[in-house]
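Asks: next come a sequence and a model predicted from it.
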Amino acid sequence: MIRLAALLLLIAALPLRAEEVVMGMSRDSVNITADFDGSEVLIFGAVKREAVIRPDPPLQVIVTVAGPVDPVTVWRKERRAGIWVNADAVEIDAAPSFYAVATSGPWGSVISEVEDLRHKVSINRAIRSVGAPMTISDSRSFTEALIRLREKSGLYQNLFNTVDLRESTLFDTAISMPANIVEGTYQVRVLLTRGGQVVAQHTSEIGVGKVGIERWLFNLSQRQPLVYGLLSIVLAVVAGWGASAAFRAMRSG
């Protein structure tokens, strides 16, 4: 009887999933073609509830899109004898090739530091750098340098206050994927938070890949590199001859 009572108390103490995410996307795949200059993905959804809307603390929405994760070596350059050369290096264990995080409010109000650490939501937390050589005392600066470089190229994006949340129920946001994204499976997450705590989340995927002649050339370079190299030389020779012939024709004309 005592064990049964304890079990009932435990069940009663468990939180109910009063809010869940129902989400959709404008596309579930992105095709990289010869004239690909980037793509925009609209992510939208609704909050499914089993009870009335809680007014306090207010609901917040976070949307993240993460590209394939790979190790990255970050070098620090130093000027020696008037020449910039690679000096120290740090191997970052896992860094997403693309990462965008959009929120419905200011960062400090949508998620706590503890929850960010647990769910790896921010760009800093999405990057995993376990260790560095003992000779390097400022290993954190290498991660910060990687973030700056990828922010400049549009691969890392902080999109605070860009999720449109209506009546704490409907939400949508747009994520722009630049032309320099890599192929692979991109993970999409939608997190609901209240008072900085994650109360629900949902995940989905977007496939990014080359199509058409780009796919054929890529496969050829990977599977038959010798043929690909010879083909590249032939095309370069033909292009050079064609340009030369056109120039001569223009001069003679």
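Replies: Thanks, I have the structure now.

Asks: all strands for the protein, in order.
Replies: Listed in chain order, the strands found in the chain under DSSP state E are 19-25, 29-32, 39-49, 59-66, 69-80, 83-96, 99-103, 156-159, 164-166, 170-177, 184-194, 197-210.

Asks: in TSV: those, plus mean pLDDT, mean neighbour count and distance to Leu235.
Replies: From N, CA and C alone the C-beta is placed, and that goes for glycine too. TSV is the format used below for the strands of the chain (pLDDT from 0 to 100; neighbours: other C-beta atoms under 10 Å; distance: least, C-beta to C-beta, whole Å):
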stretch	mean pLDDT	mean neighbour count	distance to Leu235
strand 19-25	93	16	38
strand 29-32	90	17	20
strand 39-49	94	17	28
strand 59-66	97	24	36
strand 69-80	83	13	30
strand 83-96	81	15	34
strand 99-103	98	25	36
strand 156-159	98	18	35
strand 164-166	96	14	48
strand 170-177	97	19	29
strand 184-194	96	20	28
strand 197-210	94	16	18
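
Asks: mind putting those strands in TSV, distance to Ala126 included?
Replies: What follows is these, written out as TSV (distance: least, C-beta to C-beta, whole Å):
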stretch	distance to Ala126
strand 19-25	20
strand 29-32	20
strand 39-49	17
strand 59-66	6
strand 69-80	9
strand 83-96	6
strand 99-103	5
strand 156-159	9
strand 164-166	23
strand 170-177	15
strand 184-194	10
strand 197-210	14
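
Asks: partners of Lys48 in the sheet?
Replies: Taking DSSP bridges, one finds Glu20 as the beta-bridge partners of Lys48.

Asks: who's in contact with it?
Replies: Contacts of Lys48 were listed using C-beta atoms under 8 Å, 6 or more residues apart in numbering, and they are Glu19, Glu20, Val21, Val22.

Asks: same thing with Phe160?
Replies: By C-beta under 8 Å, 6+ apart, the contact set of Phe160 is Ala102, Thr103, Gly105, Pro106, Trp107.

Asks: which two of these have the greatest separation?
Replies: The distance between the two most remote of those (C-beta to C-beta) is 12.5 Å, for Ala102 and Pro106.

Asks: distance check, Ser39 against Glu183.
Replies: Computed as C-beta to C-beta, to the nearest Å, the Ser39 to Glu183 distance reads 13 Å.

Asks: er, Lys210 actually
Replies: Distance check for Lys210 against Glu183: by C-beta to C-beta, it reads 6 Å.

Asks: Pro96 now?
Replies: Summarising the geometry, the distance separating Pro96 from Glu183, computed by C-beta to C-beta, is 14 Å.

Asks: any common contacting residues for the two?
Replies: Shared contacts of Pro96 and Glu183, defined by C-beta under 8 Å, 6+ apart, are found at Pro68.

Asks: contacts only, for the nearest residue to Thr143 once chain neighbours are set aside.
Replies: Nearest residue to Thr143 in three dimensions, chain neighbours excluded: Ser129, at 5.4 Å (C-beta to C-beta, 6 or more residues apart in numbering). Contact analysis of Ser129 by C-beta under 8 Å, 6+ apart lists Val90, Ile92, Asp93, Ser139, Phe142, Thr143.

Asks: from these, pick the one nearest Lys77.
Replies: Nearest member of those to Lys77, counting by C-beta to C-beta, is Phe142, at 12.0 Å.

Asks: that closest one reaches Val72, doesn't it?
Replies: No - look at Phe142 against Val72 with C-beta atoms under 8 Å: they stay out of range, at 9.4 Å.

Asks: can you check which residues contact both of the two?
Replies: Between them, Phe142 and Val72 share the contacting residues Ile92, judged by C-beta under 8 Å, 6+ apart.
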